[in-house]
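Q: this one's structure only:
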């Protein structure tokens, strides 16, 4: 997540795409364009702080984070990684009311 935050804040979309599993990279390159990152920065701002909550119980390899954006404040982010430590599923915004639920384990 630290690398994602660095690349997101610096608008380095290609670097973000390479955090994803190889089978998703081409799709992620289209998702994390400079235009898209500019739009996200205008809407949410940069990420000021990110705190690991814990593993999510509903998905193996899935983790939840409390994320503080400069424009919207506290929110949630989640990602799922595979055995090779590549991202295979990612949600930048989960909305604040989802944070307590995302941080719970069964």
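A: Received it, and whenever you're ready, just let me know what you need. What you see is a predicted model; the values in this text were computed from it and never measured. Numbers count the residues shown, from 1 in each chain.
Q: burial measure for the nearest residue to residue 21 once chain neighbours are set aside, as a count.
A: Among residues not flanking residue 21 along the chain, residue 86 sits closest, at 3.9 Å (CB to CB, 6 or more residues apart in numbering). Every residue, glycine included, has its C-beta placed from N, CA and C. Close neighbours of residue 86, defined as other CB atoms under 10 Å, add up to 16.
Q: so what's the residue nearest the centre of the chain scoring on pLDDT?
A: Residue closest to the average C-alpha location in the chain (CA atoms, centre = their mean): residue 92, at 4.1 Å. At residue 92, the model reports a pLDDT of 91.
Q: Next: residue 14.
A: pLDDT, read off for residue 14, is 96.
Q: go on, residue 62?
A: Reading off the model, residue 62 has pLDDT 83.
Q: Look up how far residue 28 lies from it.
A: As defined by CB to CB, to the nearest Å, residue 62 lies at a distance of 18 Å from residue 28.
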